Every structure is written in structure tokens, then in C-alpha cells.
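Trainee: no FASTA, just this:
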């Protein structure tokens with residue numbers, strides 16, 4: 001009798017989950033845009049050996065060389081912190097803080113543009129489109145402990161969310177992805 005009750009309860013729970021999944025608001029279906037992928041509707045990466053053609057491809061970093069660009073960015077940040085901006089002596093503290101925030105945001109935007117330009121100029125990693133990131137700790141050997149697994153899962157969820165946002169942004173601008181026509 002108990003087995004029958006447990007089995008029935010599992011079936012009811014399964015039906016509830018299925019019903020909740022179906023009634024949940026669905027996300028728009030996104031697919032690869034064949035017009036931006038050499039006419040193919042699946043991930044296709046063509047080998048490009050021409051040096052000039054590779055210069056026009058998008059540069060990206062890998063986990064291994066990202067440290068180089070972060071260190072370069074950090075050294076530029078330290079240099080900017082040591083440089084003092086000139087401000088007017090008669091302005092109020094509120095206007096100083098507002099202008100300081102604006103100049104800091106401008107500096108961060110400019111620094112990001114400079115880092116992207118340096119990446120585009122020097123990176124050996126090139127692709128027609130942004131590659132999928134490697135799973136967190138893919139190259140680590142051994143079995144992680146429970147806390148490490150939780151951290152890996154959080155990072156993987158963050159990566160999935162970033163990819164989803166990237167795909168939606170590309171679909172809205174007719175980029176590498178597009179909304180599926182159902």
C-alpha cells in the first residue's frame with residue numbers, strides 16, 4: 001500500500017512540474033543566422049590562413065591569456081590614479097563629485113576602448129564570431145569538493161546567462177543570431 005501511495009505521489013509531482021513548465025512564459029527561440037555564418041545554420045568555423053583576412057576577424061581572449069590583458073589594464077589604472085586632474089578652485093563639492101564621476105566614467109569607457117583596441121591589434125585568438133567559453137575548471141584534474149562544485153555551478157550559470165544575453169543582443173541587431181520564425 002505504501003509503495004502504491006509513494007508511486008502515485010511521484011506521478012502527481014511529475015505532472016505538476018510538467019504543467020508548471022508548460023505554463024511558464026517561454027523565451028523566444030533563437031537560432032544561428034545563416035547569412036552571417038557562411039550559409040550554414042549550425043556553428044561553423046572556417047580555417048583562415050590569410051594574414052590580412054585574419055586581421056579583420058574579431059579578436060578574443062582565452063582563460064590563459066586573459067591575465068596578460070588584466071595586468072596591462074591594472075597597470076594603466078595605477079598610472080591614472082597617480083595622475084592628478086586639475087579642477088577649478090571655486091566650484092562646490094557637489095559639482096566636483098559630479099564632474100569627478102563623469103570623468104571617471106569617461107576614463108573607464110576610454111580605458112575599455114583602449115583595451116579592446118590593444119586586444120584587436122595583438123591577440124592571436126581570432127574568430128568570425130564569439131566562441132563559447134570553456135566550462136569552469138575544465139582543465140582541473142581530480143574531483144572537486146562540495147564547496148568547489150557549488151562555485152563551479154555558480155560560474156557556469158553566470159556564463160550561461162551571459163551567453164543568453166549575448167544571443168538576444170545579436171538577434172535584435174541581426175547579428176550572428178536571429179529569432180526563429182515559427
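Mentor: Sure thing, it's come through. Here the structure is a predicted model, which is why all the values come from computation and not from measurement.
Trainee: Could you check how far residue 122 is from residue 68?
Mentor: As defined by CB to CB, to the nearest Å, residue 122 lies at a distance of 9 Å from residue 68. Where you see a C-beta, it was placed from the backbone N, CA and C, and this is true even at glycine.
Trainee: Which strands and helices lie in contact with the helix or strand residue 156 falls within?
Mentor: Per DSSP states H and E: residue 156 is located in helix 146-172. Judged by 3 or more CB pairs under 8 Å, 6 or more residues apart in numbering; DSSP states H and E, helix 146-172 is in contact with strand 30-32, strand 177-179.
Trainee: Make a markdown table out of those strands and add distance to residue 118 and mean pLDDT.
Mentor: Converted to a markdown table, the helices and strands packed on helix 146-172 look like this (distance: least, CB to CB, whole Å; pLDDT from 0 to 100):
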| stretch | distance to residue 118 | mean pLDDT |
| --- | --- | --- |
| strand 30-32 | 30 | 90 |
| strand 177-179 | 27 | 91 |
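Trainee: okay, now residue 177: neighbour count?
Mentor: By other CB atoms under 10 Å, 21 other residues sit near residue 177.
Trainee: Was I right to think it contacts residue 30?
Mentor: Yes - between residue 177 and residue 30 there is a contact under CB atoms under 8 Å: 5.1 Å.
Trainee: and for these two, which residues touch both?
Mentor: 167-168, 171 (CB atoms under 8 Å, 6 or more residues apart in numbering).
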